[in-house]
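[1] Quick one, what's the 3D model for this:
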Amino acid sequence: MRGASTRIYSWGANLPMFRVLAFGIAIGVTGAAFLLPSYWLFLATSAAIGVIVARSAGLVTGQAGMISLCQLSFAAAGAWVVAWLSLGEATMPFPIRILIGGLAAVPFGVLVGLPALRLRGVNLAIITLGFAAAADLYFQVQGFPKNSFTAAVVPPPPFDSDLVYFEFCWGMVVIISLLLGWADRARMGAAWLAVRHSERATAAMGMNVPLVKLTAFATSAFIAGLSGGLLAGQVGLVTPQNFAPLGSLVVFALAVMMGAQHVEGALLAGLLIALFPELLRKLGLPPDVADLLFAIGTIDVLRRGRGGVATQIREALRIRRAKRLAAPASGARIDEHRIAPALVHTGQHQHGSSPALDIRGLTVRFGEVIALDGVGLRLEHATVGALIGPNGAGKTTLVDAVTGFLHGYEGYILAAGVSLDQLPAHRRARAGVRRTFQQGRTIPDLNVGQYVRLAAGRTLGDSELSLLLDFFDCPASAQPIASLDVGTRRLVEVAGALAARPAVLLLDEPAAGLAETASIRLANRIAEIPHHYGCSVLLIEHDMGHVVAASSEVTVLDFGRVIANGPTRDVLEHPVVIAAYLGEEVSA
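    Okay, the predicted model is just below:
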């Protein structure tokens, strides 16, 4: 899988935007270099550094969905290292010093990211703010390496020129933007978005959630460390006041208000960081007014729940673009050849003696409540089985146990004869056991094709993607998920799970939100999955018409126990099953 470099986006669809942006920045920087007086050149350099630190905050907060209130502490680590490397007769090239400063911040990013493996929201915010306070105290006591020297951190030629340093900083903005743009198009960037929307769905797609979180914090710290090193080269003698915890709060507020997870949002945030205090000075107002206004703007964005300025602009453009998209074509035909699934065990053939899914004596207890009581279930290869039962019967509990989201159960779960009991959720997904959820877990920030490619966890060609989308009557690949209704999103989620070529696919109420005709059409497609994709399906559904159309065998749960199992129509006509659904007792 499922490498981190798996491409989710197509360069061709998004590269023009970055070319235009990079070209625009290059033209603007070149023109400003010759037109701005020295003081405004200094402010423009500060704006570039502000863009970088805002982008670092936007990555971890806006993109990965985790709160970080210590970005300037990471920047301080980078500044300290650059200052230390500049002591004495330093011969190391200045850009290398900046790079080392950014790398020096990475361990601190990982350290701060460790609590994020278990904490979210305000609890994580307190941890990161505590780190910022501790770092500030350290620098207040120990100081920076240059504090005991009269000479400042002076970049070597040609970076000692204000004009060259200005262009160097904006060049770093372009490079970082392009690299993060590449990351967004790879599996890494999409994984950050996935974690933001649902950690469970991220693990169900085979991604290691702790690793995804740590890479987000580490990358964010690296970028912030670069900004700190650049600041050291700009102002010379850096002090703890340059990296105070209040400054990190301001960076966070601007990242949220402007939507700094997008490059244009980071540009707006950087310009405000550098230029807004100057505007207030011109108006005769104290600079602290800027912090107050930023806080009010952030509260308004959070209250409206529409994202930052850049997010709102992109949403408006998306709506305009969505209106121009044609309806998805439905004339493509599914090839009759079977697409080989990713078998759990490479030595196990699809039609071997072991079933695709074998559950034995599965028991789940929540305190004194027994949710599942010795449940047994056998799903043969290339078949569609259904798991039904009244609300509270234990169906979703069983799915959670099979897919690794519930631990501490008793019994055994095997896929193609291989035990899954000791595997975490993401490794079970990689082993070929995929699932969907009762509530939709698609990612609104992506379009249909991007989501399916992410869920596939492998290289997915355009023709294969088109056939898969057409198989489930999904919208066109370029259609934004945010523009789809709930029922259509469920279809996209099913297509994404199947795109991974699993050996076993567990569908938890996939027809929820669909009209009756669409539900039956989906049921017919589910019934065809084993033939076209060689995948076994376990369907959890309340719609009996859907169950009859899709499955060949049914297992019925009631109060955590199997009360019937066998061919679909025979089971559904059984008096015990009818009584379980109607709440009636069957006489002996």
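[2] which SS state does L231 fall under?
    L231 carries the three-state label helix when classified by DSSP: H, G, I helix; E, B strand; the rest coil.
[3] How about A495?
    Reduced to three states with three-state DSSP, the structure at A495 is helix.
[4] What count of nearby residues applies to it?
    Other residues lying near A495 total 23 when counted by other C-beta atoms under 10 Å. C-betas here are computed from N, CA, C, even on glycine.
[5] ditto for Y581
    Here the number of neighbours of Y581 (other C-beta under 10 Å) works out to 15.
[6] Quick check: buried residues in the host helix or strand of it?
    Counting by DSSP states H and E, the element that carries Y581 is helix 575-582. Buried positions in helix 575-582, judged by neighbour count with 16 or more other C-beta atoms under 10 Å: 577, 580.
[7] Convert it to CSV, retaining C-alpha atoms only.
    Presented in CSV, the C-alpha positions along helix 575-582 are these (Å, rounded to 0.1, in the frame of the first residue of the first chain):
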residue,chain,number,x,y,z
PRO,A,575,-41.2,-17.4,12.6
VAL,A,576,-38.4,-16.7,15.1
VAL,A,577,-37.0,-14.0,12.8
ILE,A,578,-40.4,-12.4,12.2
ALA,A,579,-41.0,-12.4,15.9
ALA,A,580,-37.7,-10.7,16.6
TYR,A,581,-38.5,-7.9,14.3
LEU,A,582,-42.2,-7.6,15.4
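[8] quick check: mean pLDDT across it?
    For helix 575-582, the mean pLDDT works out to 75.
[9] Next: stretch 264-275.
    Mean pLDDT, stretch 264-275: 90.
[10] From the chain's centroid, how far away is it?
    In terms of C-alpha atoms, centre = their mean, to the nearest Å, the gap separating the centre of stretch 264-275 from the centre of its chain is 25 Å.
[11] Could you do stretch 274-288 as well?
    What separates the centre of stretch 274-288 from the centre of its chain is 37 Å, taken as C-alpha atoms, centre = their mean.
[12] what comes into contact with it?
    Contact partners of stretch 274-288, identified using C-beta atoms under 8 Å, 6 or more residues apart in numbering, comprise 43-44, 46-47, 50, 289-290, 293.
[13] Kindly report the same for stretch 357-375.
    Taking C-beta under 8 Å, 6+ apart as the criterion, the residues outside stretch 357-375 that touch it are 376-379, 394, 397-398, 401-402, 406, 408-415, 417, 433, 504, 536, 538, 557, 559-562.
[14] hang on, the earlier thing: and the contacts of stretch 274-288, which of them are buried?
    When neighbours are counted using 16+ other C-beta under 10 Å, those contain these buried positions: 43-44, 46-47, 50, 290.
[15] As TSV, those with secondary structure, distance to E509 and pLDDT would be great.
    Compiled in TSV, the buried ones among the contacts of stretch 274-288 are given as follows (DSSP: H, G, I helix; E, B strand; the rest coil; distance: C-beta to C-beta, whole Å; pLDDT from 0 to 100):
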residue	secondary structure	distance to E509	pLDDT
L43	helix	56	89
A44	helix	55	89
S46	helix	53	92
A47	helix	50	93
G50	helix	47	94
A290	helix	50	82
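[16] Who are the contact partners of the residue lying closest to D485 once chain neighbours are set aside?
    Leaving aside its sequence neighbours, D485 sits nearest to G513 (C-beta to C-beta, 6 or more residues apart in numbering; 7.3 Å). The contact partners of G513, taken as C-beta under 8 Å, 6+ apart, are 440, 485-487, 489-490.
[17] try V251
    With the criterion set at C-beta under 8 Å, 6+ apart, V251 makes contact with 53-54, 57, 71-72, 269, 273.
[18] any idea which of those is closest to G247?
    Sorting the contacts of V251 by distance to G247 puts L72 at the head of the list, at 4.7 Å, by C-beta to C-beta.
[19] Kindly export whatever helix or strand that closest one lives in (C-alpha atoms) in PDB.
    When elements are assigned from DSSP H and E, L72 belongs to helix 71-85. The C-alpha trace of helix 71-85 is given here as PDB (Å, rounded to 0.1, in the frame of the first residue of the first chain):
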ATOM      1  CA  GLN A  71       4.300  27.500  16.400                       C
ATOM      2  CA  LEU A  72       6.700  30.300  17.500                       C
ATOM      3  CA  SER A  73       8.400  27.900  19.900                       C
ATOM      4  CA  PHE A  74       9.300  25.700  16.900                       C
ATOM      5  CA  ALA A  75      10.500  28.900  15.200                       C
ATOM      6  CA  ALA A  76      12.600  29.800  18.300                       C
ATOM      7  CA  ALA A  77      14.300  26.400  18.000                       C
ATOM      8  CA  GLY A  78      15.200  27.200  14.400                       C
ATOM      9  CA  ALA A  79      16.400  30.700  15.300                       C
ATOM     10  CA  TRP A  80      18.600  29.400  18.200                       C
ATOM     11  CA  VAL A  81      20.300  26.900  15.900                       C
ATOM     12  CA  VAL A  82      20.900  29.400  13.200                       C
ATOM     13  CA  ALA A  83      22.300  31.900  15.700                       C
ATOM     14  CA  TRP A  84      24.600  29.200  17.200                       C
ATOM     15  CA  LEU A  85      25.800  28.100  13.700                       C
END
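[20] what's the following helix or strand after it?
    Tracing the chain C-terminally past helix 71-85 and defining elements by DSSP H and E, one meets helix 94-113 next.
[21] Can you show me the CA trace of that following helix as CSV?
    Listed in CSV are the C-alpha atoms of helix 94-113, where the atom choice follows Å, rounded to 0.1, in the frame of the first residue of the first chain:
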residue,chain,number,x,y,z
PHE,A,94,23.6,30.4,4.9
PRO,A,95,20.8,28.4,3.3
ILE,A,96,22.2,25.3,4.8
ARG,A,97,22.1,26.9,8.2
ILE,A,98,18.4,27.7,7.6
LEU,A,99,17.7,24.1,6.6
ILE,A,100,19.5,22.8,9.7
GLY,A,101,17.4,25.2,11.8
GLY,A,102,14.2,23.8,10.4
LEU,A,103,15.4,20.2,11.0
ALA,A,104,16.3,21.1,14.6
ALA,A,105,12.6,21.9,15.2
VAL,A,106,11.4,18.6,14.0
PRO,A,107,12.1,16.6,17.2
PHE,A,108,10.1,19.2,19.2
GLY,A,109,7.3,18.8,16.7
VAL,A,110,7.3,15.1,17.3
LEU,A,111,7.4,15.6,21.1
VAL,A,112,4.5,18.0,21.1
GLY,A,113,2.6,15.7,18.6
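[22] what does it contact?
    For helix 94-113, the surrounding residues in contact (C-beta under 8 Å, 6+ apart) are 68, 70, 73-75, 77-82, 85-86, 90, 127-128, 131, 155-156, 159, 168, 172, 213-214, 216-226, 228-230, 232-233.
[23] Please spell out which residues along stretch 385-404 are buried.
    Of the residues in stretch 385-404, those buried under the neighbour-count criterion (16+ other C-beta under 10 Å) are 385-390, 393-404.
[24] er, stretch 558-576 actually
    For stretch 558-576, a neighbour-count test (16+ other C-beta under 10 Å) marks 558, 560, 562-565, 568, 571-572, 574 as buried.
[25] Filter these down to just the ones in helices.
    With helices defined by DSSP state H, the entries of these inside them are 568, 571-572.
[26] now these in a markdown table, with distance to R318?
    Putting those into a markdown table (distance: C-beta to C-beta, whole Å) gives the following:
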| residue | distance to R318 |
| --- | --- |
| T568 | 42 |
| V571 | 46 |
| L572 | 44 |
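[27] which one among the residues you listed gets closest to M544?
    The shortest distance between M544 and any of these, using C-beta to C-beta, involves L572 and amounts to 6.4 Å.
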